[in-house]
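K.L.:
Structure here, sequence nowhere to be found:
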DNA sequence: GCGCAAGAGTTGTTACGTCAACTCTTCCTG
DNA sequence: CAGGAAGAGTTGACGTAACAACTCTTGCGC
C-alpha cells in the first residue's frame, strides 16, 4: 500500500479527469431520475430488482445481496418507499414478520417509465459517445477491476 | 429524455459492469485512505487543496469552487477537521470572521503520506492494468463527458 | 419439548451532503 | 454619509448511508 510510487503530471491529470467525469455523469443520471420520474437512484435500484423478481415478491436479504447493500439500508429504504406508496410489505407466514415485498401498481408504473428514460440517458452519455474500440477498452478494464476487487 | 430508446442485453451488461467496477474502485480507494491514514476521501480532498495553496492559506469560497462542493459542505467539513486537529481557522482581518484556513503540522504530515499511498493505489488499479491504447480511449471519454456535462 | 445458535428484519446512533436561512462585511450608488 | 445589494461564512433542518444492537423466528441437538 505504501511502496514508493508516484505519478507523473499526465497520470494525475488522467485520474482527476476520470474521477470528475464519473462524478458528473452519476450526478446527471441521478438528477434525471429525480426530475423526470420523482425517484432517487436508490429507489430506482430497488424498483428494478422487484420488477425482475418472479411474482414481484422478494425478501430483504435477497435485495441486500443483489444490490450489495447493508440490510439495514434496505430496511430503511423500504420503509420510506412504503410510506410513499411505491411498494407494500405484507405479512407472509410468520406472525409479526413482514417477509413479502411487492410493487404497488403505482410503483410498477414508475419503474417501467424510469427504465425507459434511464436507458435513453445511458445511450446518450455512453454508447453515443463511444466507438467499439473504446467500449471494448472500458469493458476490459471493468471486468479486470471486478475480478480484482469483488468480494470473493 | 424520454424518446424511445432501449438497450440490448450486451449494452445493459456493459453498463452494469462498468457501474459496479466504479463502485468497487472508489470503495477500495476510500477504504485504503481510512485504514492506512485515518482520513476520509472528503478530508483528503481538503488536505490536498490546502497543501497546494501558496502559503497554506485558503478561503472557504476558494475551496468550494475548486472542489465543486456546496459552501455549506465545506464549512461543515472544516469544522469537523478543525475538531480533529488537521487544520486551524484563524481570524484574519475582519472582526469575527475566520477567513484564514491553515494546515496544522499534523495535517501536513498526514497529507504527504496519504498522497503517496493514494498514488500507489491509482497505479495499482489504473495504470498497472491499462495499456496505452486503453488509457487513451478512457481519457477521450472522460474529456468528452466533462465538456458535455461540466457547468458552463 | 427445552435450550440454544443462526438467521431475518427492525431500530437507533452517528456522520455526511444538501438546502435554505441567517449574520456580518464590503462595496456601490445616490 | 445613508441605504441597500452582493458576497463570505456559519448554522440548523432534513434525508440518507454505515454500523451495531436488538427482537423474533426457525431449526437443530439432546
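P.N.:
Looks like it came in fine. Fair warning: this is a prediction, and the values are worked out from it, not measured in the lab.

K.L.:
For residue A:43, list the residues it contacts.
P.N.:
A:77, A:81, A:86 (CB atoms under 8 Å, 6 or more residues apart in numbering or on different chains). Using the backbone N, CA and C atoms, a C-beta is placed for each residue, glycine as well.

K.L.:
What is the nearest of those to chain B?
P.N.:
Using CB to the nearest CB, residue A:77 comes nearest to chain B of the contacts of residue A:43, at 16.7 Å.

K.L.:
Contact partners for the closest one?
P.N.:
A:42, A:43, A:46.

K.L.:
Now find how far off-centre stretch A:136-152 is within its chain.
P.N.:
17 Å (CA atoms, centre = their mean, to the nearest Å).

K.L.:
picking up where we left off before, looking at the contacts of residue A:43, which is nearest residue B:129?
P.N.:
Ranked by distance to residue B:129 (CB to CB), those are led by residue A:77 at 33.4 Å.

K.L.:
element containing the closest one, please.
P.N.:
Residue A:77 belongs to helix A:71-83 when elements are defined using DSSP states H and E.

K.L.:
Show me which residues of the longest helix seen in chain A are buried.
P.N.:
Of all the elements of type helix in chain A, the one with the most residues (DSSP state H) is helix A:9-32. Applying a neighbour-count criterion of 16 or more other CB atoms under 10 Å in any protein chain shown, one finds A:11, A:14-15, A:17-22, A:24-25, A:28-29, A:32 buried in helix A:9-32.

K.L.:
all helices for chain A, in order.
P.N.:
Under DSSP H, chain A gives helices at A:9-32, A:41-52, A:60-67, A:71-83, A:105-122, A:132-149.

K.L.:
Cross-check the contact I'm expecting between residue A:142 and residue B:17.
P.N.:
Yes - if you go by CB atoms under 8 Å, residue A:142 and residue B:17 touch, sitting 4.4 Å apart.

K.L.:
low pLDDT regions in chain A?
P.N.:
Low-confidence segments of chain A (pLDDT under 70): A:1-5, A:55-56, A:91-98, A:152.

K.L.:
residue closest to the middle of it?
P.N.:
residue A:45 (4.6 Å; CA atoms, centre = their mean).

K.L.:
hmm, back to that, turn the contacts of residue A:77 into a markdown table, columns for distance to residue A:118.
P.N.:
Output for the contacts of residue A:77, formatted as a markdown table (distance: CB to CB, whole Å):
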| residue | distance to residue A:118 |
| --- | --- |
| A:42 | 14 |
| A:43 | 12 |
| A:46 | 14 |
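
K.L.:
Alright, I will stop here.
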